[in-house]
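Student: got a predicted structure plus its sequence, pasted below:
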Amino acid sequence: MDEAAVIDAVPKQLLVGGSWADAHGAATFDVADPATGLVLCSVADAAPEDGMAALQAAARCQPAMAALTPRERSDILLKAFDLLHERIDDLALLMTLEMGKPLAEARGEITYAAEFFRHFAGEALRIDGGYRTAPAGGSRLLVTKQPVGPCILITPWNFPMAMGTRKLGPAIAAGCASVIKPAAQTPLSMLALVEILTEAGLPPGGVNVITCTDANAVMEPMIRSGLARKLSFTGSTRVGKLLLEQAADKVLRTSMELGGNAPFIVFDDADLDEAVAGLMVAKMRNMGEACTAANRIFVQESIMTAFSQRLADAMKALKLGRGTDEGVAVGPLIDQAAVDKVGRLVDDAVGRGAAVVTGGSAVHGDGYFFSPTVLTEVPHDADLNAEEIFGPVAPLTPFSDETEVVTRANATRYGLVGYVFTNDLRRAVRVAEALEFGMVGLNSGLVSNPYAPFGGVKESGLGREGGAVGIDEYLETKYIGIAV
Ligand code: NAP
């Protein structure tokens, strides 16, 4: 399909109890293309009563979801996996239009998103329990797992589909009904995704979708209502903390995938080409708009000049433009505020003494573009050492030894992911174990994998998504004591 047809084909209403419906008062809001600033279409703007109606629909459907057999839940996910692959061209175009990432990356995200469904289709069949004789005899200890209950799922704009399947996959596999709320800037991929789940045979109300512009007004009453038993959120640490307070009201199970401030450490014994290639992935995937993006790049003194030159050459070779255009590797940032923030962080670093090797400024014209940037001699007190840059800026800073760099890498309130490049096996293990992060990429710039547990420590979050443990976030453990 062409651009207009792809936009036209997406449902624009709320999905509540298996029916598409307008928001209260038929309110809508616009969705824009960040490469042009032009409006693509309008979607329903839910009011608080719409949110509650969606949650009530999920609660009504919960017994039906729990009653599906493991095989039925697994088959729904496998069918949705197939449909995502069948429609990958149209879905990728849709994602690029609303979010900006290059088409090849959008295709990559849909493949990654679909893989969560295939993975959790398997996990649905492997939910286990236990049966033991009590040590003193006289009774048996039966342990079983049950779905946690209705879930509220909230996702960000940077991975508009994968952040949804990473929650919906395990929720469905476990037998939980849910209400999902995508980010206001990128609702279209999620609307297309839930349409696919409906086609795949999910019972009406098994998944409900709310799109809205006043997230706080709509979500807070839902979270505090007591109708949901679980809240899973991916987004900023600031909002995550707010939601944890709200969830405390009814003691909801929570999963929090929050912000990051990833260190990327290159030792002088690393393969330089591999390290530069790894950094290009860790830094430039999604234009740097990823929680996993390399944010602080520590390079051992003796290789700094060679490393920064190779990195600058690789950055200069990237083509910037609308994600739909041939050969584009760097799309626009999500909005003007994002461009302004990245510009502020670069100006602050330069003001404190950093040197610009390439890039360094916004690109004027239509859309929200920032040129791929390499900074060297970035001082410790620069703001970008403490904040997520969320843009195509690589700040390099030298270090002299292992102990120093580990201390500096850990000096952050975040703890999502760290990257280490070295060819010394002992050092690799020492440093990977010493880093206070939930994930470590060892000679690799990419850790995201549906088959591995994704998540952070410290203020980067609570819980894990994906891997064998991902489904546990949606299950309660029940113990039944049996007298014999
Ligand atoms: P955000 O501002 O926290 O928003 C995330 C989601 O929360 C959006 O759907 C947003 O809706 C909603 N939201 C905002 N305020 C809310 C409130 N008061 N109550 C309920 N929902 C609310 O984050 P973002 O800017 O979209 O995403 C970027 C952040 O996500 C970064 O910090 C990034 O590191 C993090 N992230 C983390 C992971 C991970 O796995 N750890 C993955 C991806 C992204 P609106 O769109 O309507 O504001």
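Tutor: Arrived safely. Please read all numbers here as calculations on a predicted model, not as lab measurements. Residues are numbered from 1 along each chain as shown.
Student: what about residue 257, distance to residue 292?
Tutor: Using CB to CB, to the nearest Å, one gets 11 Å for the distance from residue 257 to residue 292. For glycine as for every other residue, the C-beta is placed from the backbone atoms N, C-alpha and C.
Student: ok, residue 69 next?
Tutor: Residue 69 sits 36 Å away from residue 292, going by CB to CB.
Student: between the two, which has more neighbouring residues?
Tutor: More crowded of residue 69 and residue 292, by other CB atoms under 10 Å: residue 292, with 22 against 11.
Student: list the residues that contact residue 389.
Tutor: Residues near residue 389 by CB atoms under 8 Å, 6 or more residues apart in numbering: 288, 293, 295, 342, 345, 395.
Student: apart from its neighbours in sequence, what residue is nearest the residue of the chain found nearest the ligand?
Tutor: Among the residues of the chain, residue 235 lies nearest to the ligand; the distance is 2.7 Å by CB to the nearest ligand atom. Once flanking residues are discounted, residue 235 sits nearest to residue 156: 4.6 Å by CB to CB, 6 or more residues apart in numbering.
Student: equivalent analysis for residue 236, please.
Tutor: Looking at residue 236 with CB to CB, 6+ apart, the closest residue is residue 259, at 5.5 Å.
Student: assign the one you found to helix, strand or coil.
Tutor: At residue 259 the chain is in coil, as set by DSSP: H, G, I helix; E, B strand; the rest coil.
Student: my guess is it meets residue 293, correct?
Tutor: No: using CB atoms under 8 Å, residue 259 is not in contact with residue 293, being 10.4 Å away.
Student: contacting residues around the closest residue to residue 381 other than its chain neighbours?
Tutor: Sequence neighbours aside, residue 352 is the residue nearest to residue 381 in space, at 6.4 Å (criterion: CB to CB, 6+ apart). By CB under 8 Å, 6+ apart, the contact set of residue 352 is 379, 381-382.
Student: now the residues you listed as TSV including secondary structure and distance to the ligand?
Tutor: Converted to TSV, the contacts of residue 352 look like this (DSSP: H, G, I helix; E, B strand; the rest coil; distance: CB to the nearest ligand atom, whole Å):
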residue	secondary structure	distance to the ligand
379	coil	24
381	coil	22
382	coil	19
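Student: buried subset of these, written for ChimeraX?
Tutor: Here is the ChimeraX command that picks out the buried ones among the contacts of residue 352, judged by 16 or more other CB atoms under 10 Å:
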select :382
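Student: of all the contacts of residue 352, which comes closest to residue 213?
Tutor: Among the contacts of residue 352, residue 382 lies closest to residue 213 (CB to CB), at 34.0 Å.
Student: count of neighbours near the closest residue to that closest one other than its chain neighbours?
Tutor: In this structure, residue 382 finds its nearest non-sequential neighbour in residue 349, 4.1 Å apart by CB to CB, 6+ apart. Residue 349 is flanked by 27 other residues according to other CB under 10 Å.
Student: which strand or helix spans residue 349?
Tutor: helix 336-351 (DSSP states H and E).
Student: just the buried residues of that helix, please?
Tutor: Judged by neighbour count (16+ other CB under 10 Å), helix 336-351 contains these buried residues: 338-339, 341-343, 345-346, 349-350.
Student: with distance to residue 6 added, can I get the residues you listed in TSV?
Tutor: Shown next, in TSV, are the buried residues of helix 336-351 (distance: CB to CB, whole Å):
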residue	distance to residue 6
338	24
339	26
341	30
342	29
343	32
345	34
346	35
349	39
350	41
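Student: got CSV for those, with pLDDT and distance to the ligand too?
Tutor: Below are the buried residues of helix 336-351 laid out as CSV (pLDDT from 0 to 100; distance: CB to the nearest ligand atom, whole Å):
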residue, pLDDT, distance to the ligand
338, 98, 9
339, 98, 14
341, 98, 11
342, 98, 13
343, 98, 17
345, 98, 14
346, 98, 19
349, 98, 20
350, 98, 24
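Student: run the chain-centre distance for the host helix or strand of residue 180.
Tutor: Element membership for residue 180 (DSSP H and E) is strand 178-181. Distance of strand 178-181 from its chain centroid, counting by CA atoms, centre = their mean, to the nearest Å, is 15 Å.
Student: next: stretch 105-113.
Tutor: Distance of stretch 105-113 from its chain centroid, counting by CA atoms, centre = their mean, is 12 Å.
Student: quick one: contacts of it?
Tutor: Contact partners of stretch 105-113, identified using CB under 8 Å, 6+ apart, comprise 84-85, 88-89, 91-93, 95-96, 99, 101, 159-162, 164-166, 193, 285-286, 323, 331, 448, 450.
Student: quick one: name the residues of the stretch 151-300 of the chain near the ligand.
Tutor: Applying CB under 6 Å from any ligand atom, we find that the stretch 151-300 of the chain lies next to the ligand at 154-159, 163, 181, 183-185, 215-216, 219, 234-236, 239, 242-243, 257-260, 291.
Student: can you say which of these are buried?
Tutor: The neighbour count (16+ other CB under 10 Å) marks 154-159, 163, 181, 183-185, 215, 219, 234-235, 239, 243, 257-260, 291 as buried among those.
Student: can you flag which of the residues you listed belong to strands?
Tutor: 154, 181, 234, 257 (DSSP state E).
Student: what is the most widely separated pair among those?
Tutor: Applying CB to CB across these, the maximum distance is between 181 and 257, 14.6 Å.
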